[in-house]
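S.K.: Below are the sequence and a predicted model; questions follow.
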Amino acid sequence: MIAAQTAPDQELPDSNKYTSVSSSLHILQCRRIQPEIFGYTLHWDYKSRYENSLDWRLLVLNELESYKGRVQNFTDPQSKGHTSQRWLAMIYHYTLLTLYRPKMDNVLGPAGDWSIQAGSQACLIFRKSQMERQIAQAWLGLLVQFQSGVTILYCCWATPPEYRTESYYSPNVSDALRACSNILALLTDRWPKAECLRDVFELLARDVPLVDRPNRPPMRISDTSASTIKEKLPLLRALIVNRSIIRMIQEMVTNDFPRIRGDQTPHHLASRRPTPAPAPAGPIRERSAAITMNQQPIQISFDLPFSAQSVSGEGEVGDTSTIGPDELFAFPGIPQLPRSPDSQDPPRLSQSTRTQDEKMYLVDLYFRFIHDSPHSLFHEPTFKASVAEGTVSQPVLLAMMGLSARFATDPGVVARGPIYRAKATAALKEDLEHICIENIQACILVGNNFFGEGDADAESLYFGLASRMTQILKLGEIDESDDGVMREVKRRIFWTCFIIDTWASGGSNLSPQFRWRTKEPRGPLDEYMFYNMRLGDGDVADVDWKPGLWAHMVRLVGLYAEIQNLQQELANGAEWNESFIDESVQRLEAELGAFEEGLGPELMFSRENLASFVSRGLGRVFIAFHLGYHHYYTLLFYQYLDHRRPPTRNGRKYASSCKVHAAIVCDVLQASRGVPGAEALYNIVGHVTIVSSSVLLHTYLFGESHELEESRDRLSSNLESLVQLRNYWPSVEMMVSTYPITRRRFLISTQIKRLVVFQKNCIQSMNVESYRFDRWMVKFLIAHALALEDKVDDSWSAASVDATNGNAHLERGRITQAMIMDIQNYDTET
């Protein structure tokens, strides 16, 4: 009403009354923080990267402190129900609970202490609101309370009495468990299918001791309770989406209480000294713990949790009507650093400044790790200027930030990557009917984002849109009104569409879409010349034009398309025409040879040439060029590893060449890892590495004795690249993974898993003659976006395997299997 009565050119007047939506906005603020936490705790690399990190938790706590301050100062104290200060405090404590996932190897640290306090407050506050009949009997509230109660019980179960802190002996713990029991009992009347939650919690609460004695003999939950809980686990799994809670329950009903006898000290307990249980009567002393952050230990004082929801009488929660927001939000786990009286807050950057800095940071990361490798879409100086001026296309900028956020060193920035990617997709969809250069660039970036997350269908869709827009705008033709920079950008977009169409169509086993009917544009200009062009410059004349590495890539991809076609014909043919095969391979070999001769010695792969390109800022482009170049050679000759093929004049030479180029791919990858400025961290490198590794694996399993050591060392080197890549790309993880996976990780399983399946089939056959080039092998080599099923081959019996060679192959298989398994050992719970 006030806004409607205020003139457009006037400021809205301040109001001394609470608005009707203020509390709801606070809820939304906290709900926004929770997905940020889940971005860390559900991250595939949580265990090694985030589990023991304080940095991201401190960032989240800063946001929660802002939320708490707003609630304390700007909410209506008379509000009831889901907008009351009490309910907002419950959400706050539950959000604190999500910062840790207690497990056997971390419960003795802050994870247990933190979870005990936050879970207790969440249960107590919810019960008080329920008693005052201020909230609906919500299903989500039922699940949250069950999770909070089980977490408290698990911490008590998993922590030996010698290592319990004062938090475990707070009256809040027993009060919270009693409150949780009442909550579940009441809500089960509203939701009958939740009876299994109530029953399981009651059984656990009865058998898990809250007050324990160090000298009590080891024991576990009673057999009757454990049996009943196990029977109800299928029902729990259908209701509880939090796998950590299911894990906690399974551990409690399966394992003994983790007590310590005598001088036994499990390795994960060594970091905390045993603390005696407090006396049963009298006040509990405050404790202090050293938190190490940035190598500077700080003594932090932890006050006891404010017993805001103390229980009295026969299970009834005491009167807390006079409790204020400061007490409702009291949480001792959050450190308050001491300040001197005259200390001042350091100057803080404004939100807009921080946002702009993050934009420029992520744009820099894109041009450092992605630009001119899988695609070439921008003139770097011009694009960065448009970002600084605020004139850049939002779908393009957001998609670029989403693509590069994975390379950030700040976990908070990494966690915002999915947010940027989602916003980019939404912004592009809103403007999709606007056919323009910027939307072509956005489609390609969004497609790369989907490819990186394992969604090959969406990748193909957006790449197809980019190709169609490119054809509609006729980017292959010169527009006389364009300056030199715009003409070159259009050429690079045109050729990028050609390259991604060739790769993506083969990767998803689809027909190529990008074709041009008019004269094709000239190839991309030398990268260094293009970088130094400025807006308004004229186009480079044909006589002054110099091809860059991307121009050579375009020629190579044209040959790659022909190699793809040849392999598809072989895979689809019932019988092979050997003369056709030889003629085709000889022709393509001659074209590749002519291409190589035209490169000159300065473009051949060597550490010296790499150093030269790195000095000009083109090391990564040089690496990308040679990865593609030697990958295409490997594909052309791959079929000659099949010893079943009829002998041909050049068969042995081609098989040897396949091994040589696969080894060079390994050398290029090794250089990319060891030379700053030459990194190869874009997604498709994973597939190139897998193909190279399959040749090395085949050589090690079936090669001659003099080939074994080198092929094993190179295979180990390639696996290092896969480990490096999976830190950034879910789609590379699944190239190796054999674990059950979600669709988000589909492409990962179609990559590293491809190597696992390839190796598995080699070991199963244990016969060099059973290795053959067929449809399955073509799918392995080209269709990198599709899942690779096990190969079915009944044409060779076990009796055909030579016993002596079989034993040798089996031993080699064990070695390679162990090497591959080393990179599969990651936290499957994530």
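M.R.: Happy to help now that I have it.

S.K.: quick one: which helix or strand includes residue 468?
M.R.: helix 456-472 (DSSP states H and E).

S.K.: residues of that helix that come out buried?
M.R.: By 16 or more other C-beta atoms under 10 Å, the buried positions in helix 456-472 come out as 456, 458-460, 462-471. From N, CA and C alone the C-beta is placed, and that goes for glycine too.

S.K.: Could you figure out how far the following helix or strand past that helix is turned away from helix 456-472?
M.R.: Moving toward the C-terminus from helix 456-472, the next helix or strand (DSSP H and E) is helix 484-507. On the basis of axes from the mean of the first three to the mean of the last three C-alpha atoms, to 10 degrees, helix 484-507 is oriented at 140 degrees to helix 456-472.

S.K.: Helix 484-507 - contacts with which helices or strands?
M.R.: Using 3 or more C-beta pairs under 8 Å, 6 or more residues apart in numbering; DSSP states H and E as the contact test, the elements touching helix 484-507 are helix 437-453, helix 456-472, helix 549-572.

S.K.: Please repeat the previous calculation with a cut-off of 10 Å.
M.R.: On a contact count with 3 or more C-beta pairs under 10 Å, 6 or more residues apart in numbering; DSSP states H and E, helix 484-507 meets helix 380-389, helix 437-453, helix 456-472, helix 527-531, helix 549-572.

S.K.: Output whatever helix or strand comes next after the first one as PDB, nothing but the C-alphas.
M.R.: The C-terminal neighbour of helix 380-389 among helices and strands, as given by DSSP H and E, is helix 394-404. What follows is helix 394-404 as a C-alpha-only set of coordinates in PDB (Å, rounded to 0.1, in the frame of the first residue of the first chain):
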ATOM      1  CA  GLN A 394      24.500 -12.300 -19.000                       C
ATOM      2  CA  PRO A 395      23.900 -15.800 -20.300                       C
ATOM      3  CA  VAL A 396      27.500 -15.800 -21.700                       C
ATOM      4  CA  LEU A 397      29.000 -14.400 -18.500                       C
ATOM      5  CA  LEU A 398      27.100 -16.800 -16.200                       C
ATOM      6  CA  ALA A 399      27.900 -19.800 -18.300                       C
ATOM      7  CA  MET A 400      31.500 -18.900 -18.400                       C
ATOM      8  CA  MET A 401      31.600 -18.400 -14.600                       C
ATOM      9  CA  GLY A 402      29.900 -21.800 -14.100                       C
ATOM     10  CA  LEU A 403      32.400 -23.500 -16.400                       C
ATOM     11  CA  SER A 404      35.500 -22.000 -14.700                       C
END
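
S.K.: So that it lines up with my notes, have the first residue be 28 from now on.
M.R.: All set: I'll call the first residue 28, so the last point we hit is now helix 421-431.

S.K.: Counting by contacts, list what helix 421-431 packs against.
M.R.: helix 378-396, helix 407-416, helix 444-457, helix 464-480.

S.K.: Mean pLDDT and distance to residue 642 added to those, as CSV?
M.R.: Shown next, in CSV, are the helices and strands packed on helix 421-431 (pLDDT from 0 to 100; distance: least, C-beta to C-beta, whole Å):
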stretch, mean pLDDT, distance to residue 642
helix 378-396, 83, 16
helix 407-416, 93, 18
helix 444-457, 94, 31
helix 464-480, 94, 28
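
S.K.: now, of those helices, which is deepest in the fold?
M.R.: Stretch with highest mean neighbour count among these: helix 464-480 (a mean of 24; mean count of other C-beta atoms under 10 Å).

S.K.: how many degrees apart are that helix and helix 511-534 in direction?
M.R.: Helix 464-480 runs at 30 degrees relative to helix 511-534, counting by the same axes, to 10 degrees.

S.K.: just to revisit the earlier point, who wins for proximity to residue 285 among the helices and strands packed on helix 421-431?
M.R.: Evaluated over these, closeness to residue 285 peaks at helix 444-457, with 36.2 Å, by C-beta to C-beta.
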